[in-house]
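Asks: here is my input, please return the structure:
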Amino acid sequence: QVHLVESGGGLVQPGGSLTLSCATSGSPMDHYTIGWFRQAPGKEREGVSYISTVPDITYYRDSVKGRFTISRADSGKAVYLQMNNLKIEDTAIYYCATRDPIYTDYGMASYEYDNWGQGTQVTVSS
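Replies: The predicted structure follows:
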């Protein structure tokens, strides 16, 4: 397993942008599907986006389509989540995770992801 570290969270006004990074200092993670999840206070964790292995198929939940973009670093050691036009309802702790390779289809169920980072807080507030 790779050790995942999220960064890039912070406080931003509605309409602002942030770029989250999910990085590993060890082996590249380009052979894993990487998912971004979020959990707001009092709410269940939800899948936000994922990027699969070759080919890099991407998925976004409806509420972030057109605003968020997931991508991989050329080094294979990071995955980014570019978040534009942030809304108050985007406020949450954001986690990245690797998907267990036994799942060969495309999916965003959290139980399919078995290696998680510690999370980074995103707060959207005026």
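Asks: now what about the helix or strand bottoming out on mean pLDDT in the chain, what contacts it?
Replies: None of the helices or strands of the chain scores lower by mean pLDDT, DSSP states H and E than strand 113-116, at a mean of 94. Applying CB atoms under 8 Å, 6 or more residues apart in numbering, the external contacts of strand 113-116 come out as 1-2, 4, 35, 37, 95-100. Backbone N, C-alpha and C define where each C-beta goes, glycine included.
Asks: go again using 10 Å as the cut-off
Replies: With contacts defined as CB atoms under 10 Å, 6 or more residues apart in numbering, strand 113-116 is touched by 1-4, 6, 24, 29, 32-35, 37, 47, 50, 95-103, 107, 110.
Asks: only the buried residues of the helix or strand just after it, if you could.
Replies: Using DSSP states H and E, the helix or strand that follows strand 113-116 towards the C-terminus is strand 120-124. For strand 120-124, a neighbour-count test (16 or more other CB atoms under 10 Å) marks 120, 122, 124 as buried.
Asks: so which residue is smack in the middle of the chain?
Replies: W36 (2.2 Å; CA atoms, centre = their mean).
Asks: and whatever helix or strand that residue lives in, which strands flank it?
Replies: Counting by DSSP H and E, the element that carries W36 is strand 34-39. Strand pairing for strand 34-39, determined by DSSP bridges: strand 46-51 (antiparallel), strand 92-99 (antiparallel).
Asks: so M83 bridges to which residues?
Replies: Under the criterion used here (DSSP bridges), M83 is bridged to L18, F68.
Asks: gap between it and E6?
Replies: 13 Å (CB to CB, to the nearest Å).
Asks: also D100?
Replies: Counting by CB to CB, the gap from D100 to E6 is 19 Å.
Asks: same drill for these two, tell me which one is more crowded.
Replies: For D100 versus E6, neighbours defined as other CB atoms under 10 Å are more numerous around E6 (23 against 13).
Asks: which strands and helices sit next to the strand or helix carrying that one?
Replies: For E6, the host element (DSSP H and E) is strand 5-7. For strand 5-7, the packing partners by 3 or more CB pairs under 10 Å, 6 or more residues apart in numbering; DSSP states H and E come out as strand 18-23, strand 78-83, strand 92-99, strand 120-124.
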